[in-house]
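Asker: The sequence isn't on hand, but the structure is:
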Ligand code: SAM
């Protein structure tokens, strides 16, 4: 299948059930051929909900009055130990863009996690200084996730006010720096941001390939009541009728399938946001239409409820340990196994 703009757009919006079924089948086959049947588990530690930015979609933006927390090095280490015990290969440290997570503190934590557990370390700490990216890589970090969120420069600027004045070009420059430093690089988008058209979404998918991404994160946009997008809808008008991309499970799963077809060797998670919009089946659909990663949450419960980037996220209170048996059964039902080892991206190895 030639994956040009027209084909991608048609597969995103099209209503022909046979064409959609064929795309899902092809995405699943491509996943099997390129990354196999293993589903790799990444332990997620949401290490801080402090943030200096005012992203119009995000529930932990700087303008909110919200109890703020920052995990200590020992708390992160505890999450890493739990990840190790549960057989995961990776610890993901994610946070708001928090200058209080200093270069030294993060570097020390990475070294400690590596020394005590040997896990692969993924960072998702936002746009930070190049010397911080370099120091963390030096300390042993393996991967970095930084979604571009949308490939449309105007929409990017609208949803990322002042501090993001570097705009989409700036975000692309950060992604290039990460690549040059030798990180496995992950990026991705939210699906159905008000003002995001089907054309924009099709271009997002083309960009996955242009950036040669090693990891691709895709989730629906979920409105949070205490954000600019919801409080000032007049500033964020939806695209004209018929052109606005939908923020639903079906569209998100189509983007997952198309991402797999564009970047066959990338690691692609079945995201929590997708599991949330489609509570019965969102995760399974993603896994059987291109995805090969799950990120169980290891953030201590008292912090987790404060990392509410979108509503109802905190409903997912089940501990990773309690969920492990159900997960194994769910995966077995799909004919899939839990991956062992680090689960590095074959895309990076290939490069
Ligand atoms: N601060 C870092 C950053 O911006 O890359 C990492 C944390 S940020 C909260 C992680 C991701 O959450 C973002 O890339 C964004 O796509 C997603 N996110 C935030 N608010 C969301 C919302 N309301 N709906 C869906 N996804 C959201």
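Answerer: Yes, it's here. Everything numeric in this text was worked out from a predicted model, so none of it was measured.
Asker: what about the strand or helix carrying residue 283, average pLDDT?
Answerer: Here residue 283, judged by DSSP states H and E, is contained in helix 282-287. Averaged across helix 282-287, the pLDDT comes to 96.
Asker: Off-centre distance for that helix?
Answerer: 15 Å (Cα atoms, centre = their mean, to the nearest Å).
Asker: Quick one: list the elements packing against it.
Answerer: Helix 282-287 sits against helix 249-262, helix 272-277, helix 320-333, with contacts defined as 3 or more Cβ pairs under 8 Å, 6 or more residues apart in numbering; DSSP states H and E. The way it works is simple: take the backbone N, C-alpha and C, and place the C-beta from them, glycine included.
Asker: Columns mean pLDDT on top of the ones you listed, output as JSON lines?
Answerer: Shown next, in JSON lines, are the helices and strands packed on helix 282-287 (pLDDT from 0 to 100):
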{"stretch": "helix 249-262", "mean pLDDT": "98"}
{"stretch": "helix 272-277", "mean pLDDT": "94"}
{"stretch": "helix 320-333", "mean pLDDT": "90"}
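Asker: Quick check: residues of the stretch 51-200 of the chain near the ligand?
Answerer: 57-58, 94, 96-97, 124, 126, 146-147, 149, 190 (Cβ under 6 Å from any ligand atom).
Asker: same question, the stretch 251-351 of the chain
Answerer: So far as Cβ under 6 Å from any ligand atom goes, the stretch 251-351 of the chain lies against the ligand at 273, 309-310.
Asker: Output those residues as a markdown table; include the columns distance to residue 23 and neighbour count.
Answerer: As requested, these are exported to a markdown table (distance: Cβ to Cβ, whole Å; neighbours: other Cβ atoms under 10 Å):
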| residue | distance to residue 23 | neighbour count |
| --- | --- | --- |
| 273 | 21 | 21 |
| 309 | 29 | 21 |
| 310 | 27 | 22 |
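Asker: which one among these gets closest to residue 140?
Answerer: Within these, the smallest distance to residue 140 is 26.9 Å, found for residue 309 (Cβ to Cβ).
Asker: Can you say which of the helices and strands packed on helix 282-287 is packed in most?
Answerer: helix 249-262 (a mean of 24; mean count of other Cβ atoms under 10 Å).
Asker: by contact count, what packs against that one?
Answerer: helix 5-13, helix 17-35, strand 184-191, helix 198-210, strand 215-220, helix 272-277, helix 282-287.
Asker: and the angle from the first one to helix 198-210?
Answerer: Going back to what we said before, that points to helix 5-13. Interaxial angle, helix 5-13 versus helix 198-210 (axes from the mean of the first three to the mean of the last three Cα atoms, to 10 degrees): 120 degrees.
Asker: mind checking pLDDT for residue 164?
Answerer: 54.
Asker: Packing partners of the helix or strand encompassing residue 158?
Answerer: Assigning secondary structure by DSSP H and E places residue 158 in helix 153-159. The contact analysis (3+ Cβ pairs under 8 Å, 6+ apart) places helix 153-159 against helix 167-180.
Asker: Could you give the number of residues near residue 289?
Answerer: 23 (other Cβ atoms under 10 Å).
Asker: and it, what does it touch?
Answerer: 24, 27-28, 253, 256-257, 260 (Cβ atoms under 8 Å, 6 or more residues apart in numbering).
Asker: and of those, the nearest to the ligand?
Answerer: Nearest to the ligand among the contacts of residue 289 is residue 256, at 14.4 Å by Cβ to the nearest ligand atom.
Asker: So that closest one is in contact with residue 269, correct?
Answerer: No. Assessed by Cβ atoms under 8 Å, residue 256 is found out of contact with residue 269, at 9.0 Å.
Asker: Overlap in contacts, those two.
Answerer: 286, 291.
Asker: give me the number of residues near residue 132?
Answerer: Using other Cβ under 10 Å: residue 132 sits among 18 other residues.
Asker: Report how many residues lie close to the spatially closest residue to it that is not a sequence neighbour.
Answerer: In this structure, residue 132 finds its nearest non-sequential neighbour in residue 103, 4.7 Å apart by Cβ to Cβ, 6 or more residues apart in numbering. As a burial measure, residue 103 scores 17 neighbours (other Cβ under 10 Å).
Asker: what does the one 5 residues further on give?
Answerer: Applying the criterion other Cβ under 10 Å, we find 13 residues in the vicinity of residue 108.
Asker: how near is it to residue 139?
Answerer: Separation of residue 108 from residue 139 (Cβ to Cβ, to the nearest Å): 8 Å.
Asker: One more: residue 94?
Answerer: Counting by Cβ to Cβ, the gap from residue 94 to residue 139 is 17 Å.
Asker: any low-confidence regions in the stretch 201-350 of the chain?
Answerer: For the stretch 201-350 of the chain, the stretches flagged by pLDDT under 70 are 314-317.
Asker: List the buried residues for the helix holding residue 158?
Answerer: Residues of helix 153-159 classed as buried under the neighbour-count rule (16 or more other Cβ atoms under 10 Å) are 155-156, 158-159.
Asker: again, but for stretch 47-62
Answerer: Quick answer for stretch 47-62 (16+ other Cβ under 10 Å): 47-51, 53-61.
Asker: residues in contact with the nearest residue to residue 258 once chain neighbours are set aside?
Answerer: Distance criterion Cβ to Cβ, 6+ apart; nearest residue to residue 258, sequence neighbours excluded, is residue 205 at 4.9 Å. Contact analysis of residue 205 by Cβ under 8 Å, 6+ apart lists 8, 12, 255, 258-259, 262.
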